[in-house]
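Asks: give me a model of this one.
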Amino acid sequence: DKPGYKNGGNRFDLGKWDGAYFERLRHFVAEAGKRGIVVEVSLFSSLYGDNGWKASPLHPDNNVNGVGKGVDRKKVHTLDNGGLLVEQERLVRKLVAELRDADNVYYEIQNEPWADLSAYDSLASPATPASLAWQRRIAQVIAAEESKLPQRHLIAENVSNRSNAVKDPDPNVSLLNFHYCRPPDAVRLNAGSKRAIGFDETGFDGPDDVTYRKQAWHFLLAGGGLFDHLDYSFTTARENGTATQKAPGGGSAALRTQLGALRAFLEGFGDDLVHMGPADGLVRGGASPETRVFAAPGHAYAVYLAGGTNGRVELELPFGVWTASWLEPRTGQTLRSERVVHGGGPRLFDGGAYTEDLALRLVRSQEEPTVAELGKTANLWTTKAPGGKVAITVLLADLTGNGSRRLYYQVEHGTVLVPWSPLGITRADDDFVDGLSFLSTRERSVNDTYALLRGKTSKVNARGQERSLVFENPRKGKLELVVRAYD
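Replies: Predicted coordinates:
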């Protein structure tokens, strides 16, 4: 033991591991897992200037191994770091080995790498090429070490503050993290990266819970994959998260409950959640200034309203039976739920007046609406046989949620014999399937007489009802559909 560490105590021996530290780390991660908490393990952090470097175990004054002599502080997190890379890689391999069995961990390579620069734009500065090369090396070490293990973990790169487009993402990185990402433009800018996008640090927007709750809803419903709130109510003196202090951000037990309500809201979509994505274009009118739609079209829709007071929104919604549930984000309370029968097209939903924000969950039911329920809400035409028992209904609607109206038919004889089934024609020169619009209809009675070659009755008189329907495709081609229903 050799005294002399800058912050007090002995200097570090980089050739020895502190077993108690790793035992506490494993215990901490395990306890977090029991509580459903995912742990971000940031392997390295910016030094934030000379003081940070002088406190680092890799600084030559702080270790007994002679490591770090002559190293420029600005090059610590580059490949040109005077031999520090060997020690950095050793630490990474050790951490990966210690946490190999944890299923609630992902690794972030470095926190705020752009702050290693001598001067940087704190709003939106990505890391330098030298930093990115070093980060790629660290990601390679993680991937190589985990290739020997039965379980692999996600690797995150902290890109910048605010938003930036990542043009050449590291193939080993699955998560692109941004700090203070409001508005959530980073999601849109990196939509083609095939990576999850994280809002990895909040703050500098005052202490109010509603501010950070809104940021979380906006980011996740914009398609973000992670929201990580920097909660200033946790301190070394108040590890239970009850501290009140003057800080550049917020945090409270109440806010954590509200973020839990958001998580429960999203998880309530079940398997549909993995197919959902940003769909603000489905709003047709009547929406608050800050409206987000997150949807798996034809199956499930999440709508978030903020910035206004009137909870009305008109959405483009496919044909079907829907369960519409209104939620108050502040309390997580379901305000009301209702069964909605819709014939397809724009549909107005009204959640009533609100003060801060409001959310709507729409989930499609497995049941099909009856013709009687649809009434005048759909483009449908029913042709009934003279006896009234046989009915054939033609429907022009969007059933899939892709925005294109198609033809379907249903046959009833007291009960549904043929459920909604598609109609349409595809020719070599044109097709009459998608994007049809209705032009006209006419109806008449028919009385067909014909003779049977065999049977007790040779002459048959068939009475029926005929309907002719004319539709037009987007290229002005005409399709005539003739339906007959006989007793």
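
Asks: report the rounded mean pLDDT for stretch 157-174.
Replies: Mean per-residue pLDDT for stretch 157-174: 96.

Asks: what of stretch 32-39?
Replies: Averaging pLDDT along stretch 32-39 gives 96.

Asks: do stretch 234-244 as well
Replies: Computed over stretch 234-244, the average pLDDT equals 92.

Asks: so for it, what gets flagged as buried?
Replies: By 16 or more other Cβ atoms under 10 Å, the buried positions in stretch 234-244 come out as Ala243. Every residue, glycine included, has its C-beta placed from N, CA and C.

Asks: what sits up against it?
Replies: 231-233, 245, 251-253, 256 (Cβ atoms under 8 Å, 6 or more residues apart in numbering).

Asks: mind doing that once more with 7 Å?
Replies: With Cβ atoms under 7 Å, 6 or more residues apart in numbering as the test, stretch 234-244 has contacts from 231, 233, 253.

Asks: next, the distance between the ends of it.
Replies: Using Cα to Cα, to the nearest Å, one end of stretch 234-244 lies 9 Å from the other.

Asks: would you put the C-alpha positions of the lowest-mean-pLDDT helix or strand in the chain in CSV?
Replies: Counting by mean pLDDT, DSSP states H and E, the weakest-scoring helix or strand in the chain turns out to be helix 371-374, with a mean of 85. Extracted C-alpha coordinates of helix 371-374, given in CSV (Å, rounded to 0.1, in the frame of the first residue of the first chain):
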residue,chain,number,x,y,z
VAL,A,371,-73.7,-5.2,-41.0
ALA,A,372,-76.4,-3.8,-38.7
GLU,A,373,-73.8,-2.3,-36.4
LEU,A,374,-72.0,-0.6,-39.3
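
Asks: downstream of that helix, the next helix or strand is which one?
Replies: Later in the chain than helix 371-374, the nearest helix or strand by DSSP states H and E is strand 379-384.

Asks: now do that next one, average pLDDT.
Replies: Mean pLDDT, strand 379-384: 94.

Asks: before we move on, what about stretch 322-341?
Replies: Confidence over stretch 322-341 (mean pLDDT, whole number) is 96.

Asks: and it, C-alpha only, in CSV?
Replies: The C-alpha trace of stretch 322-341 is given here as CSV (Å, rounded to 0.1, in the frame of the first residue of the first chain):
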residue,chain,number,x,y,z
TRP,A,322,-61.9,-1.3,-31.6
THR,A,323,-61.4,-0.9,-27.9
ALA,A,324,-60.6,2.8,-27.1
SER,A,325,-59.1,3.6,-23.7
TRP,A,326,-58.3,7.1,-22.5
LEU,A,327,-55.4,7.4,-19.9
GLU,A,328,-54.3,10.3,-17.7
PRO,A,329,-50.4,10.2,-18.0
ARG,A,330,-49.9,12.0,-14.7
THR,A,331,-51.7,9.4,-12.6
GLY,A,332,-51.7,6.4,-14.9
GLN,A,333,-55.5,6.2,-14.4
THR,A,334,-57.7,4.9,-17.1
LEU,A,335,-60.4,7.5,-17.5
ARG,A,336,-62.8,5.4,-19.6
SER,A,337,-62.9,2.7,-22.2
GLU,A,338,-65.4,2.1,-25.0
ARG,A,339,-66.2,-0.3,-27.8
VAL,A,340,-66.0,1.5,-31.2
VAL,A,341,-67.5,0.1,-34.4
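
Asks: shaky segments in the stretch 51-200 of the chain?
Replies: The model of the stretch 51-200 of the chain has pLDDT under 70 over residues 118-124.

Asks: would you map the strands across it?
Replies: Taking DSSP state E, counting those that start in this stretch as the test, the strands found in the stretch 51-200 of the chain are 105-111, 155-161, 175-179, 196-201.

Asks: Serialize those strands to CSV and add fields for distance to Leu423 and mean neighbour count.
Replies: Converted to CSV, the strands of the stretch 51-200 of the chain look like this (distance: least, Cβ to Cβ, whole Å; neighbours: other Cβ atoms under 10 Å):
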stretch, distance to Leu423, mean neighbour count
strand 105-111, 49, 22
strand 155-161, 49, 25
strand 175-179, 45, 25
strand 196-201, 41, 24
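
Asks: any chance of these in a markdown table, plus distance to Leu399?
Replies: Compiled in a markdown table, these are given as follows (distance: least, Cβ to Cβ, whole Å):
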| stretch | distance to Leu399 |
| --- | --- |
| strand 105-111 | 39 |
| strand 155-161 | 40 |
| strand 175-179 | 36 |
| strand 196-201 | 31 |
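
Asks: the residue lying closest to Ser365 once chain neighbours are set aside: neighbouring residues, count only.
Replies: Of all residues not flanking Ser365 in the chain, Val321 sits nearest, at 4.1 Å (Cβ to Cβ, 6 or more residues apart in numbering). Counted with other Cβ atoms under 10 Å, the neighbours of Val321 add up to 16.

Asks: bridging residues for Val321?
Replies: Val341 (DSSP bridges).

Asks: and the gap between it and Arg405?
Replies: Using Cβ to Cβ, to the nearest Å, Val321 is found at 18 Å from Arg405.

Asks: do Trp217 as well
Replies: Noted for Trp217: a distance of 32 Å to Arg405, by Cβ to Cβ.

Asks: in terms of neighbours, single out the busier of those two.
Replies: Per other Cβ under 10 Å, whichever of Trp217 and Arg405 has more neighbours is Trp217, with 27 against 22.

Asks: what kind of secondary structure is the more buried one in?
Replies: Trp217 falls in the helix class when you classify it by DSSP: H, G, I helix; E, B strand; the rest coil.

Asks: can you pull out the helices in the stretch 151-300 of the chain?
Replies: 185-189, 209-221, 253-267 (DSSP state H, counting those that start in this stretch).

Asks: can you redo the ones you listed as CSV with distance to Pro57?
Replies: Listed next are the helices of the stretch 151-300 of the chain as CSV, based on distance: least, Cβ to Cβ, whole Å:
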stretch, distance to Pro57
helix 185-189, 33
helix 209-221, 34
helix 253-267, 33
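
Asks: could you say which of these is packed most deeply?
Replies: Among these, the stretch with the highest mean neighbour count (mean count of other Cβ atoms under 10 Å) is helix 209-221, at a mean of 22.

Asks: and the angle from that helix to strand 175-179?
Replies: Interaxial angle of helix 209-221 relative to strand 175-179 (axes from the mean of the first three to the mean of the last three Cα atoms, to 10 degrees): 150 degrees.

Asks: show me the contact partners of helix 209-221.
Replies: Helix 209-221 is contacted by residues 181-182, 184, 199, 202, 205, 227, 229, 250, 252, 254-255, 258-259, 262, 266, 292, 294, 302, 304, 306, 329, 356-357 when judged by Cβ under 7 Å, 6+ apart.

Asks: got it, and stretch 176-189?
Replies: The contact list for stretch 176-189 (Cβ under 7 Å, 6+ apart) reads 108, 112, 156-166, 169, 190, 193, 195, 197-204, 215, 218-219, 222-224.

Asks: and stretch 381-401, by the same measure?
Replies: Residues from elsewhere that reach stretch 381-401 (Cβ under 7 Å, 6+ apart): 297-299, 318-319, 343-344, 371, 378-380, 404-405, 407-414, 420, 436, 438, 441, 463-465, 467, 469, 481, 483, 485-487.

Asks: endpoints of that stretch, how far apart?
Replies: Per Cα to Cα, the first residue of stretch 381-401 is 21 Å away from its last.

Asks: what's the end-to-end length of stretch 300-320?
Replies: Per Cα to Cα, stretch 300-320 runs 12 Å from first to last residue.
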